[in-house]
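In: Based on what follows, work out the 3D shape:
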Amino acid sequence: MTTRALRVAFIGTGQMARHHLRIVQRLPVPAVVVGVHDRAPAPAEEFARLAATRAFRSRDELLAESRPDLVHVCTPPATHGEAAYAALEAGAHVYVEKPFAVTVRDARMLLDLARSRGRLVCAGHQLLRDPAFEALVARGVELGTPVQADSHFAFRPVGPAATRTGAQALAAQAVDILPHPLYTLIALLDRFAPVPGPIEVAWAHAGPGDLQAILQTGDLVGRLSVSLRARPVASWLTLVGTGGSLTCDFVRSIVVGAANPGTEMLEKVLNPMVEGLQLLTRTPVSVGRRMRSGVGYPGLAELITAFYRAVATGSASPVSPEHLLRVTSVFERLVAEIDAAARRHAPAGRQRLPVAAPLAVVTGARGFLGAEIARSLPRVRGLGRAADLDDTNVDEWVVTDLSVGLPAGALDGADVVVHAAAETAGGYEAHQRNTVDATRNLLRAMHDAGVSRLVLVSSLSVLRPPRTPWERQDERTPRPSDPRALGPYVWGKCMQEELVEREAPALGIATRIIRPGALLDWNDPALPGLMGRRLFGRWHLGLGRPKLPIAVCDVRRCAEAIAWCATHFEEAPAVVNLIDPALTTRGALAARLRADGWTGRVAWVPISVLASALTTARAGLALAHGRRPGRFAAWSILRPRRYDARLATALLDAVARDADAVPAALVTVPA
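Out: Sure thing, here's the model as predicted:
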């Protein structure tokens, strides 16, 4: 048993690593973070500041110089095995985020190395320590002889809707969420199998974003369902026995079920009432407990604490090697099914244009707007953190993190760059890195490559808040003098525009700046965020009243206008606030949505009321967690704005007439 503080290192510094760090900083087991490493230097430095430690330039340097006792591996799944192996070879115990390994071979290699070095390994199977799961396991004996276990996980895809996401991208997300419903199911089968034995995949069927499988150990059957399309979003595990059933609801972290056979008349009548009452009473208690604790992942703190205690006392890991091998064996088989489905659904490639066609480099070409821009251009090279091989509108990909820099040759042969990549979430540090720093790196790379045309996709939110309710804003309206008070996104886009206006001319780069309003997809209708959001079922919260103005633009129409500016660069306006002139009020937008089949109902709330509530709630949450409330100009962000749409109208008319024809002179706004 060790009494000194454990020396801890992090490999990978993404969002999950931050959750780990917050838990490590509150552990009952003494621990100190001695170093971090990430392939991207900026996130590593930011994480190091939070951990009050040093960021190392390489993984080997981190392991050699910091000499950690325990390493958290929070890298992308494909690199888990390599990072964990290096940490074990350096003599450290290892906590690996899920999945522990992608193949049985990798899992055995890691476990054999850990055994030979006398080190412990643990995987991020935190749901095994969720109090609800532990309660289900404890009460399982009440259900008689186990018959089957059902694990269901329905998840909303990250980024564009599933209807817009390619097969390979969907498959990657399905593989990413598969471990949680799988390892809980396998743990339950292991615990309640009448006779210990192997767990076999009896049947499996997969699509790019869905998986159904039947697992079997002896006479006990496990049914697994994972989907990116099924709704509602849910995560639950049910154990069924001869004496009844119990369900662990991971979304609410509660157990529901009458746990009786349901064969008697009174049981048939009362069981639904009992379960409804359990949901009604246990849900608010669980939600309140989660809000007070600030824990985003139930079971994570408990699992990390148990692992640290095992390391400190020399006891066994809370996640056994046998469990890890069982999970990896089934995981490898099911991933093969998903990958095969993705290949079957791969789209046919589009006909490639001759090399002589102008080349447009599009940053953020995998995004909601970026993918539509690529569709509208004749020849595209996409830049992004990952390639979307399903997108046949992109002729070639360069995988890069713009916040770090561009590789040599990334812009070779480009006629124009369309910069659509930007941070859309996170705090000021994320926007500094992924919007401002990325844009600065792009400008320098354009100068070095001799590319002199840039179309910047900005945002209508960069205009300062109106001074009066009747003020009509246009391309001459300045940016706010203090954009930080308007939130991280507005601040980042304002800093980006200012950077481009200041540095591009000095680098010999001509620019066109497009400021889209809120983007809509008529194939997936939804209220834009500045107008409202869905509350429950058909009901939506609407900001303001139907007659108030709103600035929106269809994503495909917006992309066509941006592409037109790229291919007609000399004729394009220097700056344009791009909005749909036909949809200028909230009521008109709601009517258009209903005409396209949208069935939502809107409950309108005064913006001033909601702005006050948001400000009060933010201040309350900050004070509850011991933080000073930051400035947040909710009213300035949400207040309605009126726009002069003449220039946007002229641009959209030019696109509609003929994308290849030089249009009549666009309306100009006096300087």
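
In: Please enumerate the helices of the stretch 151-300 of the chain.
Out: For the stretch 151-300 of the chain, applying DSSP state H, counting those that start in this stretch gives helices covering 167-177, 179-192, 265-293, 300-313.

In: remind me which residues of the chain are low pLDDT?
Out: Within the chain, the segments meeting pLDDT under 70 span 1-2, 158-164, 294-295, 348-356, 621-627, 629-633, 658-671.

In: I'd say A421 and L383 touch.
Out: Yes: counting by C-beta atoms under 8 Å, L383 is a contact partner of A421 at 7.2 Å. Backbone N, C-alpha and C define where each C-beta goes, glycine included.

In: anything in contact with each of these two?
Out: T363, G364, L402 (C-beta atoms under 8 Å, 6 or more residues apart in numbering).

In: Once you drop chain neighbours, what's closest to the last one?
Out: Going back to what we said before, that points to L402. Residue nearest to L402 in three dimensions, not counting chain neighbours: A438, with 3.6 Å by C-beta to C-beta, 6 or more residues apart in numbering.

In: mind checking the SS state of the one you found?
Out: Put simply, A438 is helix when judged by DSSP: H, G, I helix; E, B strand; the rest coil.

In: circling back: turn the shared contacts of A421 and L383 into JSON lines, including secondary structure, distance to P146 and neighbour count.
Out: Listed next are those as JSON lines, based on DSSP: H, G, I helix; E, B strand; the rest coil; distance: C-beta to C-beta, whole Å; neighbours: other C-beta atoms under 10 Å:
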{"residue": "T363", "secondary structure": "strand", "distance to P146": "53", "neighbour count": "27"}
{"residue": "G364", "secondary structure": "coil", "distance to P146": "50", "neighbour count": "24"}
{"residue": "L402", "secondary structure": "coil", "distance to P146": "52", "neighbour count": "25"}
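
In: a markdown table for those residues, including distance to L535?
Out: Shown next, in a markdown table, are these (distance: C-beta to C-beta, whole Å):
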| residue | distance to L535 |
| --- | --- |
| T363 | 35 |
| G364 | 31 |
| L402 | 37 |
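
In: of all the residues you listed, which comes closest to A92?
Out: Nearest to A92 among the shared contacts of A421 and L383 is L402, at 32.7 Å by C-beta to C-beta.

In: My read is that that closest one contacts R433, right?
Out: No: applying C-beta under 8 Å as the test, L402 and R433 come out as separate, 9.4 Å apart.

In: Tell me the spacing between R49 and V36.
Out: Separation of R49 from V36 (C-beta to C-beta, to the nearest Å): 10 Å.

In: which neighbours do those two share?
Out: In contact with both R49 and V36: no residue, using C-beta under 8 Å, 6+ apart.

In: These two: who's more crowded?
Out: Neighbour count, other C-beta atoms under 10 Å: between R49 and V36, V36 has more, with 29 against 11.

In: Could you pull up the contacting residues of the residue nearest to the more buried one when sequence neighbours are not counted?
Out: Nearest in space to V36, with sequence neighbours left out and distances taken as C-beta to C-beta, 6+ apart, is F10 at 4.4 Å. Listed by C-beta under 8 Å, 6+ apart, the contact set of F10 reads A17, H20, L21, V33, G35, V36, H37, F47, A51, V71, H72, C74.
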